[in-house]
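# Turn this into a model:
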Amino acid sequence: LPSLNKRRLLTTGYYGSHPKKPPGKCSHGGYFDESTKDSATGGINKDSESQIFSPHHYLHAEAARIAREASVKVLRELRAHLGDKYFIRLLGLGSGSGLSFVIDTTGSMGEEITAAKLQTRSIIDQRRDTPEEPDFYVLVPFHDPGFGPVYKTRNPDVFWDILSNLTALGGGDEPEMSLSAIQLALLNTPPHSEIFVFTDASSKDAELENS
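Residues are numbered from 1 along each chain as shown. The predicted structure follows:
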């Protein structure tokens, strides 16, 4: 932008007589634009294909071609600078999805929780640096009688640190609060996302099955 300003390549299309167009500046143009009589004469608008309303109408196609090529160039440079992940996020082209995990942390999961962590890590790694990489990660642990809290982060490494600190302990009887935990995950996960559930027990809160 400083280079363009220095070369005086940027302009504004003045319209009418208030404010008065500075010498050498461009006009919007057209039959009703009084500023077209002052230098520079004519007009730069692309409003129509009529000579009366758009004095440079014959240049519209060429202007559109140049603008399109310049836009593509800028977007390519921006993508190269940001990387695919942040470029997609900047333009709002991503799915806006989350990747959620609901994990049973009761004592009966003592032998399985390590496998659950490793499987979770594998699922995350498979999506990293791909178009399927989520915008954020959600973890909802549950046991008996409680469930939660919700852990939510955009950083997969931070998520892994949180996950690594999970331990299997307590729980009492076999049915667990799995559906309550799933419901909590749903409340914190946007549509079109994936939720993975790891448990070795049936649900104690079966009344939530159709909620």
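
# Nearest the geometric middle of the chain, what residue?
Nearest to the mean C-alpha position of the chain, by C-alpha atoms, centre = their mean, lies Arg89 at 3.2 Å.

# just checking, that residue touches Phe136?
No - with contacts counted by C-beta atoms under 8 Å, Arg89 stays clear of Phe136, the gap being 11.0 Å. From N, CA and C alone the C-beta is placed, and that goes for glycine too.

# Skip the chain neighbours and tell me the closest residue to the residue nearest to the centre of the chain.
The shortest distance from Arg89 to any non-neighbouring residue, by C-beta to C-beta, 6 or more residues apart in numbering, is to Asp135 (7.0 Å).

# and the longest helix for this protein?
Criterion DSSP state H: the longest helix present in the chain is helix 60-82.

# So what touches the next helix or strand after that helix?
Beyond helix 60-82 on the C-terminal side, the first helix or strand identified by DSSP states H and E is helix 84-90. Here helix 84-90 makes contact (C-beta atoms under 8 Å, 6 or more residues apart in numbering) with 78-79, 82, 94, 129, 131, 133, 135.

# now helix 84-90, how far from the centre of its chain.
Averaging C-alpha positions (C-alpha atoms, centre = their mean, to the nearest Å) puts helix 84-90 7 Å from its chain's average.

# In it, which residues are buried?
Residues 87-88 are the ones in helix 84-90 that count as buried (16 or more other C-beta atoms under 10 Å).

# For it, output the C-alpha coordinates as CSV.
Output in CSV follows, covering the C-alpha atoms of helix 84-90 (Å, rounded to 0.1, in the frame of the first residue of the first chain):
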residue,chain,number,x,y,z
ASP,A,84,-4.3,-23.7,4.9
LYS,A,85,-5.7,-24.0,8.4
TYR,A,86,-5.7,-20.3,9.3
PHE,A,87,-6.5,-19.2,5.7
ILE,A,88,-9.7,-21.3,5.8
ARG,A,89,-10.6,-20.0,9.2
LEU,A,90,-10.0,-16.4,8.1
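
# what distance separates the start and the end of stretch 39-52?
Stretch 39-52 has an end-to-end distance of 18 Å (C-alpha to C-alpha, to the nearest Å).

# What residues of it count as buried?
43-46.

# for stretch 110-128, same thing?
Buried residues in stretch 110-128 (16+ other C-beta under 10 Å): 112-113, 116-117, 120, 124.
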